[in-house]
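A.B. asks: Starting from these lines, generate the structure:
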Amino acid sequence: MMQSMISIRDKNRSFEAHNLLATALPATVAAWFNEDNDPRVKKAIGDLSMGDQACAAALKFLGIEIISAA
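C.D. replies: Predicted coordinates for the structure are as follows:
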């Protein structure tokens, strides 16, 4: 089974990740926020692996957008 590839961008900082497996989204974003101890950020990162609605809300909260993967 083929997994979908995505690219992401942090709208507030100059972080981008290209052509990742969608399942790698939480780990990739967690690395970007590894120095942030805010429990809301930690919860949002956890929500990235949840259903579409929770993931969309987490992306918005974190300032992350999905961009077209090459």
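
A.B. asks: Below-threshold pLDDT in the protein: ranges please.
C.D. replies: 1-2, 69-70 (pLDDT under 70).

A.B. asks: Could you list the paired strands of the helix or strand A17 falls within along with their orientation?
C.D. replies: A17 belongs to strand 16-21 when assigned by DSSP states H and E. Here strand 16-21 is paired, per DSSP bridges, with strand 5-10 (antiparallel).

A.B. asks: which parts of the strand holding A17 are buried?
C.D. replies: Residues of strand 16-21 classed as buried by neighbour count (16 or more other C-beta atoms under 10 Å): 17, 20. In this view, the C-beta of every residue, glycine as well, is placed from N, C-alpha and C.

A.B. asks: Let me see the residues that make contact with whichever helix or strand comes after it.
C.D. replies: Using DSSP H and E, the helix or strand that follows strand 16-21 in sequence is helix 25-32. Here helix 25-32 makes contact (C-beta atoms under 8 Å, 6 or more residues apart in numbering) with 6, 8, 10, 13, 15, 17, 20, 45-46, 48-49, 55, 62, 64.

A.B. asks: Keeping just the C-alphas, turn the strand holding A17 into PDB.
C.D. replies: Extracted in PDB, the C-alpha atoms of strand 16-21 (Å, rounded to 0.1, in the frame of the first residue of the first chain):
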ATOM      1  CA  GLU A  16      10.100  23.400   5.800                       C
ATOM      2  CA  ALA A  17      10.100  19.700   5.200                       C
ATOM      3  CA  HIS A  18       9.600  18.200   1.800                       C
ATOM      4  CA  ASN A  19       8.300  14.900   0.600                       C
ATOM      5  CA  LEU A  20       7.700  13.200   3.900                       C
ATOM      6  CA  LEU A  21       5.300  10.300   4.500                       C
END
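
A.B. asks: Which helix runs longest in the chain?
C.D. replies: If you go by DSSP state H, the chain has its longest helix at helix 52-62.

A.B. asks: partners of whichever helix or strand comes after that one, with directions?
C.D. replies: Counting by DSSP H and E, the next helix or strand C-terminal to helix 52-62 is strand 64-67. Strand pairing for strand 64-67, using DSSP bridges, gives strand 5-10 (antiparallel).
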